[in-house]
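**Student:** Can you look at this prediction? I've put the sequence above it.
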Amino acid sequence: MKNSSITVLVDNESWITPYAMRLVDRLTAKGFDAAFCERIEAIRPGWINFMLGCTKLVAEEVLQKNRHNLVVHESRLPQGRGFAPMTWQILGGKNRIPVCLIEAVAAPDAGDIWIEDVIELKGNELCAEWRARQGDKTLEMCLRFVDRYDELTPHRQQGEPSWYPRRGPGDSRLDIDRPLREQFDLLRVVDNERYPAYFEIEGQVYTLQIHKAEG
């Protein structure tokens, strides 16, 4: 496979772009023809298409361009298909987050599982911190697939699926009548720039930013 091309696609979630670029650099250093791609229609034909941070379904004719189209999904599939699985699990109080490298198929998050792993959290990480753990694990699993390709055997998902819904601005709303401790996990998953925490009093909306204090 050394002469086969690899595409690394980031179609939506810009936070993962630095990890995707690092993956391209690591693959290039290993001797692969690796390229970064930001548009689905620009995917090259080749061996692997790593689809990172993508929230759109890809047409079958696009998937046929590559032997493997791979997605990293942070849940114990088929439980937790859908949107923002890591965010939803942090909100559910979990610090040990399952993660799968799966084959992309026409149905969302339904492909065979190639690699399973976990992301370990302490429970105090804010968005940028747990995103970094997520990005590092994504990079690690993609490289593991390439390095151990001849040893890996995929397996089908077993059981009935469950689904996480898409999150929207209203999901960052704080309840001013509830204790802050009860809402700490919500503060951990908000993004200070893109979807900050907010609350409303007497018709006026206020936004909050959260940072770890130094010292």
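**Tutor:** Received, thanks.
**Student:** for the helix-or-strand element of the chain with minimal mean pLDDT, the distance to its chain's centre please.
**Tutor:** Lowest on mean pLDDT, DSSP states H and E among the helices and strands of the chain sits helix 60-63, with a mean of 92. Once both centres are worked out by C-alpha atoms, centre = their mean, to the nearest Å, helix 60-63 turns out to sit 21 Å from its chain's centre.
**Student:** on contacts alone, who are the packing partners of the helix or strand following that helix?
**Tutor:** Using DSSP states H and E, the next helix or strand after helix 60-63 towards the C-terminus is strand 66-73. Strand 66-73 makes packing contacts with strand 46-52, strand 96-103, helix 127-147 when contacts are defined by 3 or more C-beta pairs under 8 Å, 6 or more residues apart in numbering; DSSP states H and E. Where C-beta positions appear, they are placed from N, C-alpha and C, glycine not excepted.
**Student:** Going by neighbour count, which residues in strand 66-73 are buried?
**Tutor:** By 16 or more other C-beta atoms under 10 Å, the buried positions in strand 66-73 come out as Asn66, His68, Asn69, Leu70, Val71, Val72, His73.
**Student:** and what of stretch 130-138?
**Tutor:** Applying 16+ other C-beta under 10 Å to stretch 130-138 flags Trp130, Arg131, Arg133, Gln134, Gly135, Lys137, Thr138 as buried.
**Student:** Mind checking the pLDDT average for that stretch?
**Tutor:** Mean pLDDT, stretch 130-138: 97.
**Student:** Show me what it is in contact with.
**Tutor:** 15-16, 18-19, 52, 72, 74, 86, 90, 99, 117, 119-121, 125, 188 (C-beta atoms under 8 Å, 6 or more residues apart in numbering).
**Student:** For the buried residues of strand 66-73, work out which two are farthest apart.
**Tutor:** Asn66 and His73 (18.1 Å; C-beta to C-beta).
**Student:** picking up where we left off before, just put the helices and strands packed on strand 66-73 in a markdown table and tack on distance to Glu61.
**Tutor:** Output for these, formatted as a markdown table (distance: least, C-beta to C-beta, whole Å):
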| stretch | distance to Glu61 |
| --- | --- |
| strand 46-52 | 13 |
| strand 96-103 | 16 |
| helix 127-147 | 23 |
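**Student:** which of the ones you listed is buried the deepest?
**Tutor:** Of all the helices and strands packed on strand 66-73, strand 46-52 carries the top mean neighbour count, a mean of 23, counting by mean count of other C-beta atoms under 10 Å.
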